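K.L.:
test case, fold it:
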Amino acid sequence: MTIRRVRRARATLGSRLTATAMLMVYGAVVAAIAYWPTPVDSGLRASIGRALAALHRRGLPGWFDYAQLEWWANVAFFAPIGLLVVLLIGGHRWWVATLVGGTVSVAIEVGQHIFLPMRYATVDDVVANTLGAAVGALVGLVMLAVVHHRRRARGRRTVRRLEV
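P.N.:
As a prediction, the model looks like this:
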């Protein structure tokens, strides 16, 4: 499967309807977490620290600390946004999903900075969230390409049966 074929993968009506519904629900979850008055992990820091210490004793590299965990959690948190936007708009404009993720992240960080004194707005969060949206967009692109490839193969089989 070539890059050109992957980019030709169009969103189907089913993928659009599903992505729209899921994006609305996930957007509400993101907004609730992003604008919660206090950091959502504030009551869990000690437990997370103990879990990391236990994982370090079992071989997790020491450089993977709380800050790393938080950064990768931000990447994972925005991957669904990239995936759902690609399923909504199709593969030909996959990069829009990354742009949407970055824009939403900037809006969240600015809102936290202005309205939530207990929260910290950081450029690192914007970078991690944008990367997450890009990863999700690539996953969505692969998913659409697989569906597109299967549809084309099914169509070729149908044509062959009709020719016989």
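K.L.:
which strands and helices sit next to the lengthiest helix in the chain?
P.N.:
As assigned by DSSP state H, the longest helix anywhere in the chain is helix 123-163. Applying 3 or more C-beta pairs under 8 Å, 6 or more residues apart in numbering; DSSP states H and E, one finds that helix 123-163 makes contact with helix 3-8, helix 66-89, helix 95-115. C-beta here means a position set from N, CA and C on the backbone, and glycine is covered the same way.
K.L.:
how about low-confidence regions in this protein?
P.N.:
1-9, 154-164 (pLDDT under 70).
K.L.:
what does stretch 62-73 rub up against?
P.N.:
By C-beta atoms under 8 Å, 6 or more residues apart in numbering, the surrounding residues in contact with stretch 62-73 are 41, 45, 48-49, 52, 55-56, 124, 128.
K.L.:
so which of those belong to strands?
P.N.:
Among the contacts of stretch 62-73, no member is found in strands (DSSP state E).
K.L.:
let me know the closest of the residues you listed to residue 75.
P.N.:
Using C-beta to C-beta, residue 128 is the member of the contacts of stretch 62-73 that lies nearest residue 75, at 4.9 Å.
K.L.:
count the neighbours of that closest one for me.
P.N.:
Around residue 128 sit 21 other residues, with neighbours defined as other C-beta atoms under 10 Å.
K.L.:
report the contact partners of residue 22.
P.N.:
Going by C-beta under 8 Å, 6+ apart, residue 22 touches 80, 84.
K.L.:
and the angle from the helix or strand where residue 16 lies to helix 95-115?
P.N.:
Per DSSP states H and E, residue 16 falls inside helix 13-34. Computed by axes from the mean of the first three to the mean of the last three C-alpha atoms, to 10 degrees, the angle separating helix 13-34 from helix 95-115 equals 20 degrees.
K.L.:
any buried residues in helix 13-34, and which?
P.N.:
Across helix 13-34, burial judged by 16 or more other C-beta atoms under 10 Å covers 15, 19, 23, 26, 30, 34.
K.L.:
swap in stretch 37-53?
P.N.:
Buried, per 16+ other C-beta under 10 Å, within stretch 37-53: 39, 52.
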